[in-house]
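Q: after the sequence you'll find the predicted model.
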Amino acid sequence: MACRISELVLECADPARLAEFWCEALDFVVLGDEGDGSLEIGPRDGFGGPQPTIILSRHAAPQPGKPRLHIDVNATDRDYDAELDRLLALGARRADVGQTGAEPWHVLSDPEGNEFCLLKARLDPL
């Protein structure tokens, strides 16, 4: 039997602000408070389903430097350009990591500067 990803943990200074951004971006909800100001967000059906949850772990000074892991997202109910516009309106910013412009994705950052990619392929919603 294999294991699967159940949670992703993202260190951040303001879990509530990032919860607002990522819940809107992913159609997630706040599932719980970890007791130290950290928040768990995830799909409406909660922990343990086909999608992992995200723990927004409160840290006064998140670890500086380039993270070794980032999140990729895909549009499900609109085209690529419309999803890019929606994410930018939510507070995402374009990020330059040396891309050429020919890639089938956009590199963005969330309100705290965590990089993520919007991939061009559209996926069916779960």
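A: Looks like it arrived, so ask away.
Q: switch to C-alpha atoms for all contacts and neighbour counts from now on
A: Fine.
Q: tell me the SS of residue 83?
A: Residue 83 carries the three-state label helix when classified by DSSP: H, G, I helix; E, B strand; the rest coil.
Q: listing partners with orientation, what would you give for the helix or strand harbouring residue 31?
A: For residue 31, the host element (DSSP states H and E) is strand 29-33. Sheet pairing of strand 29-33 (DSSP bridges) gives strand 39-42 (antiparallel).
Q: packing partners of the very next helix or strand once past the partner strand?
A: Per DSSP H and E, strand 39-42 leads on to strand 53-58 as the next helix or strand towards the C-terminus. Where contact means 3 or more Cα pairs under 8 Å, 6 or more residues apart in numbering; DSSP states H and E, strand 53-58 is packed against strand 7-12, helix 15-26, strand 39-42.
Q: closest one to residue 91 among these?
A: helix 15-26 (7.2 Å; Cα to Cα).
Q: so which elements touch that closest one?
A: strand 29-33, strand 39-42, strand 53-58, helix 80-90.
Q: can you put the helices and strands packed on strand 53-58 in TSV and add mean pLDDT, distance to residue 115 and mean neighbour count?
A: Below are those laid out as TSV (pLDDT from 0 to 100; distance: least, Cα to Cα, whole Å; neighbours: other Cα atoms under 10 Å):
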stretch	mean pLDDT	distance to residue 115	mean neighbour count
strand 7-12	91	11	17
helix 15-26	96	13	18
strand 39-42	96	18	24
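Q: now distance to residue 85 too, for the ones you listed, in a markdown table please.
A: As requested, the helices and strands packed on strand 53-58 are exported to a markdown table (distance: least, Cα to Cα, whole Å):
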| stretch | distance to residue 85 |
| --- | --- |
| strand 7-12 | 24 |
| helix 15-26 | 11 |
| strand 39-42 | 23 |
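Q: out of those, the one nearest residue 111 is which?
A: Each of the helices and strands packed on strand 53-58 has some distance to residue 111 by Cα to Cα; the shortest is helix 15-26, at 6.9 Å.
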